[in-house]
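Asks: Quick one: sequence plus predicted model below, questions after.
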Amino acid sequence: MPFNAPWRDFEKGDLVYGIEGEWNTGRARFFTEQKLGDGPKFARIDDYPVLASEMQHMRGRRPPEAKAFVKALGGHPKYGGAVSGEDDNAAVRWKSKGGLYWAIMVDPGIHVHFVLDGIEQEAVVQKSYQGTISDVGAHEDPGKTRSVTGSELRWVYRNREHERVQERVQFWLKNKQCAPPWHGNGAPLWAQYQPRKDYNIHEDAAAGGANRRCCIVQ
């Protein structure tokens, strides 16, 4: 159970999330190199071409699962905006969160490894941004930019009660598996997080049930 011990190690086909510089120098790179061997290093969502420029520049270097990812993303009411979309901040965040959705909810075999090194937790919780309006989506305020990694981490937090999220997301810090950052000493900080107004973490009508574990909050 990745949210709690026993922890999970990286397996071929899993995805690694986190700040790229930290990933390149930390254990995440080490264990992916070990598992992937001399073959193509498909371990990050960046390796899956979705945006228009990626489709052009990454021909011939696509993971076997790339078509399945694009299909899942294209059929999603929100994340579908990333498919062949412009390389703006909103599209990149839709793709990255769509990767979490695909790995956790669609593909039965993928786990996500989230490297926490280098992430400023307070900035993530406070949703640091550039723009004039704080509580609208990026498509409504084109001048807004946000940290993609922060957006990914907030997605996991919003869906932390979902059984599959608890089972499929393994956190790492200082080269070791660990609990989510909102556990233990991080709990008071993360309790301050306020989702956007159109996020309703108690809403499960779309899932047709009364259990919060049934639905995913986008």
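Replies: Everything's here; your move.
Asks: Residue 87 contacts residue 49, correct?
Replies: No - using Cβ atoms under 8 Å, residue 87 makes no contact with residue 49, being 11.6 Å away. C-betas here are computed from N, CA, C, even on glycine.
Asks: quick one: which of these two has more around it?
Replies: Using other Cβ atoms under 10 Å, the more surrounded residue of residue 87 and residue 49 is residue 49, with 21 against 12.
Asks: The more buried one contacts residue 67, doesn't it?
Replies: No - counting by Cβ under 8 Å, residue 49 stays clear of residue 67, with 10.4 Å between them.
Asks: Mind listing the shared neighbours of residue 87 and residue 49?
Replies: Residues touching both residue 87 and residue 49 (Cβ atoms under 8 Å, 6 or more residues apart in numbering): there are none.
Asks: Extract the C-alpha set from stretch 170-184 and format it as CSV.
Replies: Taking Å, rounded to 0.1, in the frame of the first residue of the first chain, the C-alpha atoms of stretch 170-184 are listed here in CSV:
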residue,chain,number,x,y,z
GLN,A,170,4.2,6.1,-3.9
PHE,A,171,6.0,9.1,-2.5
TRP,A,172,9.8,9.5,-2.3
LEU,A,173,11.9,12.0,-0.3
LYS,A,174,15.7,12.0,0.1
ASN,A,175,16.0,8.7,-1.8
LYS,A,176,13.5,6.8,0.4
GLN,A,177,9.9,5.9,0.1
CYS,A,178,7.7,7.9,2.4
ALA,A,179,4.2,8.8,3.4
PRO,A,180,2.3,11.6,1.7
PRO,A,181,3.4,15.2,2.6
TRP,A,182,0.0,15.9,4.3
HIS,A,183,0.6,13.2,6.9
GLY,A,184,2.5,13.9,10.1
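Asks: mind checking how far the nearest residue to residue 65 once chain neighbours are set aside is from residue 168?
Replies: Nearest residue to residue 65 in three dimensions, chain neighbours excluded: residue 107, at 7.0 Å (Cβ to Cβ, 6 or more residues apart in numbering). Plainly put, residue 107 is 10 Å away from residue 168 if you go by Cβ to Cβ, to the nearest Å.
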